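**Q** quick one, what's the 3D model for this:
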Amino acid sequence: MKSKYVIVLLIVFLLGSITGAGAFALCNAKDILYNPADDAWDIDTVDDALNDLYNACVLGEMPGDGTGGSGGWSDGSGASVPVINGGLVPVLIANNGVVTKANTSEKWYDYNNKEWANSVILVDSPSKQYNVGDTIKESDIESYFVWIPRYRYKLFHANQADGYGNKLSESIAQEIEIEFESKDTPVSNGTQDGEWLTHPAFTNFDVNGIWVGKFETGYKGSTSASSAQVSSSDPTKIQVKPNVNSWRSNTVGNFFKAMYNYNRELDSHMMKNTEWGAVAYLSHSKYGINTEVRINNNSNFLTGYAANTKDAGSSTTANQPYNTETGYLASTTGNITGVYDMSGGSWEYVAGYRDGTIGSSGLTLEEIRNTYSKYIDVYASDSSTTTYSKRILGDATGEMGPFYSSGSYYNNWYNDYSYFVGSSYPWFYRGGHCNGGSNAGQFYFDRSTGGAGSGSSARLVLLG
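**A** Predicted coordinates:
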């Protein structure tokens, strides 16, 4: 950080007697496409000012306000401009998986065309090593992320009763109506069908969007499914990449603390249940694949894979990687820009639990209620298997009804497994398992003790 500020002070010295337009013209000599008439600087502190000057004049990156207005490419959908800071590098991902550094003043995402914004964090490498348009080596990438812009959605099944009924003759899955907004937009607080609700994943933190791990979290250094089964809370072992083994056999508490400490500058944390819901709902809108994503049935728990056929059982080989035509079907967009592993792969623990019941999580009630309270969704203390009405609107649990029983409990959208948390199993996990077949999917929800399981992983989220 000190070296950055020395560089910035030299820039300030050189620009000190130049007008604003002249200063930007000098920066433009370093191939920065910036319009001095477009006031896109977002400076609240001296540190912000130094970072913006460094990014513009050294890294060649234009400052942005992250609100969907000036300060970067805007696709016209209303989606908030992705917030790039804290070591995030904006990228374009070609259909074959090749990653290049994006120019944020030009088109690098298009939500109207189901092309979601992506970024990466590099491995022990400052982003200045790469210029706009450069190919980023896969070995230099530690983690991939996808931008989920703030939105409101039209409520469609807000008043699910507890219990279950019959299986319907056909799926009632529907396109979820979504409208993008910024945090400057008045919050929508609907409670009834047909009313609008600003999704709680964004209002919980008052942000314009969240960066979601593009894949299930892997364990750095693992070379096999078994070597990725590690009980640890070490944040330095986190990687979010395609074609790596999911990190498993870890408690909710260990996952939570590892992800919390991954990057505090970006407010990193384990995905909340409502944040899973935000991605699932966006996937089933006009901005996403708008159907159930293909299961990852890779029995080696390799990330980013898709089964060769719909609802296939687990296999080591009957699947294709993320950067293939088949692989795209396992993405929330139906193309390479989306989020993967939301159906199958490993069961994914999320930060959502039954109030007062810690199970085998390894977390204490003091930690949950005080230290980490804003990072964990809390459900009623009398929740049980089929108390679907105790959902949080937007979490993609109770709204997926009506539910039915056929030996187990399922929803009438895609027959995904549908179990609510209870006294013995107080923690939610999502998405299903590689052997889940037709019962896995982005609308799958189940419950667990919170203990270490050989088939359970988790996902990383950063705040925008």
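
**Q** C-alpha only now, for contacts and for neighbours.
**A** Will do.

**Q** tell me, how many residues neighbour Glu170?
**A** The number of residues packed near Glu170 is 9, by other CA atoms under 10 Å.

**Q** how about Ile93?
**A** 19.

**Q** could you do Asn411 as well?
**A** Asn411: 30 neighbours (other CA under 10 Å).

**Q** that one and Gln160, how far apart?
**A** 12 Å (CA to CA, to the nearest Å).

**Q** run through who's touching stretch 289-298.
**A** 114, 173, 175, 283-284, 303-307, 310-319, 329-334, 341-345, 414, 433-437, 440-442 (CA atoms under 8 Å, 6 or more residues apart in numbering).

**Q** kindly recompute the last result at 7 Å.
**A** Residues from elsewhere that reach stretch 289-298 (CA atoms under 7 Å, 6 or more residues apart in numbering): 175, 283-284, 305-307, 310-316, 319, 329-334, 341, 343-345, 434-435, 440-442.

**Q** just stretch 90-104 next, same as before
**A** Contacts of stretch 90-104 (CA under 7 Å, 6+ apart): 72-73, 84, 89, 108, 118-120, 131-136, 323-324, 336-337.

**Q** shaky segments in the stretch 301-450 of the chain?
**A** Of all residues in the stretch 301-450 of the chain, none has pLDDT under 70.

**Q** quick one: the helices in it?
**A** Along the stretch 301-450 of the chain, counting by DSSP state H, counting those that start in this stretch, helices occupy 365-366.

**Q** got it, and the stretch 1-150 of the chain?
**A** Using DSSP H, counting those that start in this stretch, helices in the stretch 1-150 of the chain cover 2-15, 20-28, 46-54.

**Q** do you know the pLDDT at the nearest residue to Glu216 once chain neighbours are set aside?
**A** Nearest non-adjacent residue to Glu216, counting by CA to CA, 6 or more residues apart in numbering: Arg459, 5.3 Å away. For Arg459, the model assigns a pLDDT of 98.

**Q** residues near Arg459, how many?
**A** 28.

**Q** so who does it touch?
**A** 213, 216-217, 270-271, 348.

**Q** before we move on, what about Ala458?
**A** 216-217, 255, 270, 348-350.

**Q** now do the phi/psi pair for it.
**A** Phi and psi for Ala458, reported as degrees, to the nearest 10, are phi -160, psi 170.

**Q** include neighbour count and distance to Tyr144 when you put the contacts of Ala458 into a markdown table, please.
**A** Below are these laid out as a markdown table (neighbours: other CA atoms under 10 Å; distance: CA to CA, whole Å):
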| residue | neighbour count | distance to Tyr144 |
| --- | --- | --- |
| Glu216 | 30 | 10 |
| Thr217 | 29 | 10 |
| Phe255 | 31 | 18 |
| Met270 | 28 | 15 |
| Glu348 | 30 | 17 |
| Tyr349 | 30 | 19 |
| Val350 | 27 | 19 |
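
**Q** so which of these sit within strands?
**A** Counted as lying in strands by DSSP state E, out of those, are 270, 348-350.

**Q** and those residues as JSON lines, adding distance to Pro200?
**A** Shown next, in JSON lines, are these (distance: CA to CA, whole Å):
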{"residue": "Met270", "distance to Pro200": "16"}
{"residue": "Glu348", "distance to Pro200": "20"}
{"residue": "Tyr349", "distance to Pro200": "19"}
{"residue": "Val350", "distance to Pro200": "15"}
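
**Q** on that earlier part again, for the helices of the stretch 1-150 of the chain, which has the smallest mean pLDDT value?
**A** Mean pLDDT, when computed for each of those, is lowest for helix 20-28, at a mean of 38.

**Q** returning to that earlier point: overlap of the contact sets of Asn411 and Gln160?
**A** Listed as contacting both Asn411 and Gln160 by CA under 7 Å, 6+ apart are Gly401.

**Q** any idea which of the contacts of Ala458 is closest to Ala380?
**A** Ala380 lies nearest to Val350 out of those, by CA to CA, at 16.4 Å.

**Q** can you tell me how far Leu282 sits from Tyr410?
**A** Distance, Leu282 to Tyr410, using CA to CA: 21 Å.

**Q** nope, Leu462 is what I meant
**A** Distance from Leu462 to Tyr410, by CA to CA: 31 Å.

**Q** what's the answer for Glu170, then?
**A** For Glu170 relative to Tyr410 (CA to CA), the value is 13 Å.

**Q** ok, Gly453 next?
**A** Look at Gly453 and Tyr410: by CA to CA, they are 23 Å apart.

**Q** compare the two (neighbour count), which wins?
**A** Here Gly453 and Tyr410 are compared on neighbour count by other CA under 10 Å; more neighbours surround Tyr410, at 25 against 18.
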